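K.L.:
The following block contains a protein sequence and its predicted model.
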Amino acid sequence: MKSKLFSPITFRNIELKNRVVMAPMCMYACDTEDGIVQDFHITHYESRAAGQVGLIMLEATAVQPEGRISTKDLGIWDDKHLPGLKKINERIHAHRAKSSIQLAHAGRKAQLPNQIVAPSALAFDETYQTPKEISSEQIEETIQAFQKAAVRARHADFDIIELHAAHGYLINQFLSPLTNKREDRYGGTRENRYRFLHDIIEAVKQVWTGPLFVRISADEYHQDGNTLADFIYFSEQMKQQGIDLVDCSTGGVVKAKIQAYPGYQVPKAEAIRNQANIATGAVGLITTGIQAEEILQNDRADLIFLARALLRNPYWPKAAAQELNDELPAPTAYQRGWI
């Protein structure tokens, strides 16, 4: 029987040849500090496409220079970034894989020499600078920056866009009552805290017709943070806006001790999938084909996002297919060794 992990799945007009996704992982490899793709990035992403990953998602890519996590981050705030991003896509598509880019703004977690912004003037911890409360005008500029980045993503030939609303970065900071103490229309109730993400989605939809994913942190590991009910509400709102999949990670909005174990985040993806009736991606210490297949067969998620497992082995899909007694076509150049 054909495994579900290596069965195709379609989002809008984009068919993925399998359900294996390379999760976005910051590489901090832009030596020129201007966000431009380096040779490393091309090799890094193409190698996983050659390994038969179905969807390659680029790392968090800054929509504004002040939205970088560090000066080593990839950028998409300027047309000068397009040639390098387009080259990555050429190499990914050459292996029949699809590509995605994660559009991001770090907010208060930006570690930059210049002034940083956040929903409220609260530092992440004592080692981070205190951000300036973002103004209404800056909120609108940032929403427009996400929209302009989506236009560039289209010009660079990406198949899917993911909005980064997780791990304590700017959108996550607006969503969480732990970091959003505003008293205007972007703060207070969960409806207001969702407004920033809502407005970004609407702005992106004006210029992007392809699949649109959102990554969230579905557990804030704090008694005063958002609850699962809040994340189900956010996911229901995203579905109404036309989001195709919620990528379910956890943590990062405040410092917390997290007990990580194999599949520890999968229950969040399962709950959101079943209660919000939206496709989800599972991520977090998923390391074997058998584990991934169980998640899919039991309808706990629709895609399997792999991070460190793919850093260790770019050919993880081959090993997983062997575990599942499934056939995975080899790249032509590798057929002699694909046994």
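P.N.:
Noted; the coordinates are in hand. Small disclaimer: the values here were computed from a predicted structure and weren't measured. Residues are numbered from 1 along each chain as shown.
K.L.:
ok, and the closest non-adjacent residue to Leu175?
P.N.:
Once flanking residues are discounted, Leu175 sits nearest to Arg193: 5.4 Å by C-beta to C-beta, 6 or more residues apart in numbering. The C-beta positions use only the backbone N, C-alpha and C, and glycine is treated the same way.
K.L.:
Okay, strands next: where are they in the stretch 151-300 of the chain?
P.N.:
160-165, 212-217, 245-249, 279-283 (DSSP state E, counting those that start in this stretch).
K.L.:
List the strands paired with the third one, with their directions.
P.N.:
If I follow you right, that is strand 245-249. When pairing is defined by DSSP bridges, strand 245-249 lines up against strand 212-217 (parallel), strand 279-283 (parallel).
K.L.:
Now do the contacts for Thr179.
P.N.:
Taking C-beta atoms under 8 Å, 6 or more residues apart in numbering, we find Thr179 in contact with 108, 118-120, 122, 168, 172-173, 253-254.
K.L.:
how far off strand 160-165 does the longest helix seen in the chain point, in degrees?
P.N.:
Scanning the chain for the longest helix, with DSSP state H as the assignment, gives helix 136-155. Helix 136-155 and strand 160-165 are oriented at 160 degrees to each other (axes from the mean of the first three to the mean of the last three C-alpha atoms, to 10 degrees).
K.L.:
Show me what Ala62 bridges to in the sheet.
P.N.:
According to DSSP bridges, beta-bridge pairing links Ala62 with Gly75, Ala104.
K.L.:
Next up, the contacts around it.
P.N.:
Counting by C-beta under 8 Å, 6+ apart, Ala62 makes contact with 35, 68-69, 73-77, 104-106.
K.L.:
again, only using 6 Å
P.N.:
Each residue near Ala62 by C-beta atoms under 6 Å, 6 or more residues apart in numbering is listed here: 68, 73, 75.
K.L.:
any chance you could map the helices in the chain?
P.N.:
Counting by DSSP H, the helices of the chain are 39-50, 82-93, 136-155, 170-175, 190-205, 228-240, 266-276, 289-297, 308-312, 316-323.
K.L.:
Can you name the residues in contact with the longest one?
P.N.:
Residues from elsewhere that reach helix 136-155, judged by C-beta under 6 Å, 6+ apart: 63-64, 76, 82, 101, 103, 161, 199-200, 203-204, 207-208.
K.L.:
ok, of these, which one's closest to Thr10?
P.N.:
Taking C-beta to C-beta as the measure, Ile161 is the one of those closest to Thr10, at 16.5 Å.
K.L.:
I'd guessed the closest one sits against Leu212; true?
P.N.:
Yes - taking contacts as C-beta atoms under 6 Å, Ile161 lies within contact range of Leu212: 5.5 Å.
K.L.:
What score does the nearest residue to Gln173 once chain neighbours are set aside have for pLDDT?
P.N.:
Closest residue to Gln173 apart from its sequence neighbours, by C-beta to C-beta, 6+ apart: Thr179 at 4.3 Å. pLDDT recorded at Thr179 is 98.
K.L.:
From Asn277, how far off is Thr179?
P.N.:
As defined by C-beta to C-beta, to the nearest Å, Thr179 lies at a distance of 28 Å from Asn277.
K.L.:
which of the residues in stretch 30-39 are buried?
P.N.:
With burial defined by 16 or more other C-beta atoms under 10 Å, the residues of stretch 30-39 counted as buried are 30, 35-38.
K.L.:
Equivalent analysis for stretch 208-220, please.
P.N.:
208, 210-220.
K.L.:
With stretch 222-240 instead?
P.N.:
Residues 225-226, 230-235, 237-239 are the ones in stretch 222-240 that count as buried (16+ other C-beta under 10 Å).
K.L.:
From the chain's centre, how far out is it? Work that out for me.
P.N.:
Averaging C-alpha positions (C-alpha atoms, centre = their mean, to the nearest Å) puts stretch 222-240 17 Å from its chain's average.
K.L.:
swap in stretch 152-167?
P.N.:
Centroid separation between stretch 152-167 and its chain, computed with C-alpha atoms, centre = their mean, is 9 Å.
K.L.:
tell me the average confidence for that stretch?
P.N.:
Per-residue pLDDT over stretch 152-167 has a mean of 98.
K.L.:
go on, stretch 234-254?
P.N.:
Rounded mean pLDDT across stretch 234-254 is 98.
K.L.:
Send me that stretch as CSV with only the CA atoms.
P.N.:
Below are the C-alpha coordinates for stretch 234-254, written out as CSV (Å, rounded to 0.1, in the frame of the first residue of the first chain):
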residue,chain,number,x,y,z
PHE,A,234,-7.3,32.5,15.6
SER,A,235,-7.3,29.4,13.3
GLU,A,236,-11.0,29.7,12.6
GLN,A,237,-10.5,33.4,11.7
MET,A,238,-7.6,32.4,9.4
LYS,A,239,-9.7,29.8,7.7
GLN,A,240,-12.4,32.4,7.1
GLN,A,241,-9.8,34.6,5.5
GLY,A,242,-8.7,31.8,3.2
ILE,A,243,-5.5,30.6,4.8
ASP,A,244,-4.7,27.1,3.5
LEU,A,245,-2.7,25.6,6.4
VAL,A,246,-1.7,26.4,10.0
ASP,A,247,1.9,25.4,10.8
CYS,A,248,1.8,24.5,14.5
SER,A,249,4.9,25.1,16.5
THR,A,250,5.1,26.3,20.1
GLY,A,251,7.0,28.7,22.4
GLY,A,252,9.2,31.6,22.0
VAL,A,253,7.0,34.5,23.0
VAL,A,254,8.4,34.7,26.6
